[in-house]
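Enquirer: 3D model of this:
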Amino acid sequence: MRHSLQMGRWVLVAGLMAGVCAPAAWGRFQVPPPCKNAFTVEQEQTEGAKFAAEVFKQMPVLPDSSPVSQYVRRLGARLADHAPGYKWPYNFHVVASEEINAFALPGGAMFVNLGTIQAAETESQLAGVMAHELSHVALRHSTCNITKQQAPRLWAGLGQLAAGVFLGDSALGSIATQGIGMVAGLGFLKMSRDDEKQADLLGAGILYDSGFDPRGLPQFFETIQSKYGEGGAQIFSDHPNPGNRTQYVNAEIATLPRRPDATVTSAEFTRIRALAAKEKTYSAKEVQAGAWRQTGLYAAVPGGGATVVPATVSSVQGTSGGGAVRLSRSSLGVGDRMVGYQGRGYSISYPASWQKSEGQNGSVAFVPPNGAGSAGIAYGALVDSVRFQNAVTDSSALAQATQALAQQLSQQNGGLEQVGQMIAMNVGGQMANAMELRGRSPVVEGGSPLPERNLLVTVARPDGALNYMVFVSPEPDYTTLKPVFSSMVSSFRVR
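Expert: From the prediction side, this is the model:
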């Protein structure tokens, strides 16, 4: 499951915060005033570094010694010199993914897919994509977004949980599923159209001040759209078109003094693009399958050299370190005695044979032995809490919050289908809702993933917040596990 968060905005005035640089030669675009942000720059860097480490564990990242990586690092450094605001420790990496996409994490780590380098026709186009991503970091869009949702603790909790438990290509998200490919918690990289427009306009200014032809930015999006159509490439999913992108960026460019020597492309770009075309790339499914780990071609840690990348082993002892496997009925814990667990503000019981993995900020996952692995959680449950902008104080507000949470889960996990109607119920004396969702399990049989059934249960808290539980099972085993899930729900108590 992925949750959101990431970056804010700066005013280019002295004294806003340590490290603010002098304003560059922007055109009409005025850097917006800083938004309300619950994260300090130190917290943003710390949490961003945790996510970056997970990217290396879950995606084939070229080592820094690669000529393609070295070129992208030089190009990124040139752009970063002209990014406004706080001087984040920007660093740049290349992912051997065929998807046309790039993403930047809070704190300044940027990942550019080989597919993007191959698709760019000029150096200014590639630089445009990177300047756009730099702008999201400089404007702190993700952490501002999560602060707006009033759930900063949710990010930190899932960020901690992500290091131990990956929640497959279903209700609980895995880094190498679709699109950018995310660690649990990286849904915050999906930006609003307003955020995208700001990143376009600021990105054009960064390009200009870095000596590039700023028209490279809209040209790249035009090139991809002409080849693949709107939505035909993953970059359009993660970077939604604000509308009239070419028109408003060109209008911004028109306000900038003409620069006859602006760089459109270079011999070095042509050489590197040719090298990138020879590199092995992987589809999203191939990334998730993980065969690339054993090639010895990719880095296991930031700054590390090429090595065999260890498969991610869940921090839940006894779980599988590889892909999820179909479990026998006897190993599911059906009929086990139930043991109690005291969470933050709640209690719940779970089968004695299951293991638990706790997030630092209150999230917890329960899974049977071998019920989770690097491919994700195949069997088990996640319990957490969230606070919406409007307090959940009645059945109508609870229904709206449940639908919003289900929609978020669906958007962040490749689409989940609601099964049946939402059911109002009572859990431990608190009003609650239950909803079944259908997705795709990390368990593969006969070469194809099994369908997955998820049970989402939301429980209103007296303080207006919401506890929620997500129960996960391959659909063929859902009926068998449903009594266990029901017992866990019945045991849940708000404290």
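
Enquirer: longest single strand anywhere in this protein?
Expert: If each strand of the chain is counted by residues according to DSSP state E, the longest one is strand 430-445.

Enquirer: Using CSV, write out every CA atom in that strand.
Expert: Extracted in CSV, the C-alpha atoms of strand 430-445 (Å, rounded to 0.1, in the frame of the first residue of the first chain):
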residue,chain,number,x,y,z
GLN,A,430,-17.4,1.6,17.5
MET,A,431,-19.1,2.2,14.2
ALA,A,432,-17.2,0.5,11.4
ASN,A,433,-17.4,-0.4,7.7
ALA,A,434,-16.3,-3.4,5.8
MET,A,435,-15.5,-3.6,2.0
GLU,A,436,-14.0,-6.4,-0.1
LEU,A,437,-11.6,-5.5,-2.9
ARG,A,438,-10.2,-7.7,-5.6
GLY,A,439,-6.6,-7.4,-6.9
ARG,A,440,-3.7,-9.5,-8.1
SER,A,441,-1.7,-11.7,-5.7
PRO,A,442,2.1,-12.1,-5.7
VAL,A,443,1.4,-15.8,-5.6
VAL,A,444,2.0,-17.3,-9.1
GLU,A,445,0.6,-20.6,-10.3
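
Enquirer: which stretches of the stretch 1-150 of the chain form helices?
Expert: Assignment of helices within the stretch 1-150 of the chain using DSSP state H, counting those that start in this stretch yields the ranges 41-58, 67-80, 114-119, 123-138, 141-148.

Enquirer: Now render the ones you listed as JSON lines, adding distance to residue 283.
Expert: In this view, the C-beta of every residue, glycine as well, is placed from N, C-alpha and C. JSON lines is the format used below for the helices of the stretch 1-150 of the chain (distance: least, CB to CB, whole Å):
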{"stretch": "helix 41-58", "distance to residue 283": "15"}
{"stretch": "helix 67-80", "distance to residue 283": "19"}
{"stretch": "helix 114-119", "distance to residue 283": "10"}
{"stretch": "helix 123-138", "distance to residue 283": "20"}
{"stretch": "helix 141-148", "distance to residue 283": "26"}
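
Enquirer: just checking, which of those helices sits deepest inside the structure?
Expert: Sort the helices of the stretch 1-150 of the chain by mean neighbour count, taking mean count of other CB atoms under 10 Å, and helix 123-138 sits at the top with a mean of 28.

Enquirer: That one - contacts with which helices or strands?
Expert: Contacting helix 123-138 under the criterion 3 or more CB pairs under 8 Å, 6 or more residues apart in numbering; DSSP states H and E are the following elements: helix 67-80, strand 102-104, strand 109-113, helix 114-119, helix 193-209, helix 216-228, helix 267-278.

Enquirer: between the ones you listed, which has the poorest average model confidence?
Expert: Here the helices and strands packed on helix 123-138 differ in mean pLDDT, and the lowest is helix 216-228 at a mean of 84.

Enquirer: Quick one: residues contacting residue 97.
Expert: Under the criterion of CB atoms under 8 Å, 6 or more residues apart in numbering, the neighbours of residue 97 are 59-60, 113-115, 181, 281-284, 287.

Enquirer: Flag the least confident of these.
Expert: Per-residue confidence over those reaches its minimum at residue 181, where pLDDT is 31.

Enquirer: ok, residue 468 - contacts?
Expert: When contacts are counted by CB under 8 Å, 6+ apart, residue 468 is found next to 383-386, 405, 456-459.

Enquirer: what's the distance between it and residue 47?
Expert: Taking CB to CB, to the nearest Å as the measure, residue 468 falls 22 Å from residue 47.

Enquirer: Give me the domain ranges for the chain.
Expert: The chain breaks down into these domains under automatic domain parsing: 41-307, 329-494.

Enquirer: per-stretch mean pLDDT over those domains, give me the minimum one.
Expert: Mean pLDDT per stretch puts domain 41-307 lowest among those, at a mean of 80.

Enquirer: Strands of the stretch 301-450 of the chain, start to end?
Expert: Taking DSSP state E, counting those that start in this stretch as the test, the strands found in the stretch 301-450 of the chain are 306-307, 338-343, 346-351, 355-358, 364-367, 372-373, 376-377, 380-386, 417-427, 430-445, 448-460.
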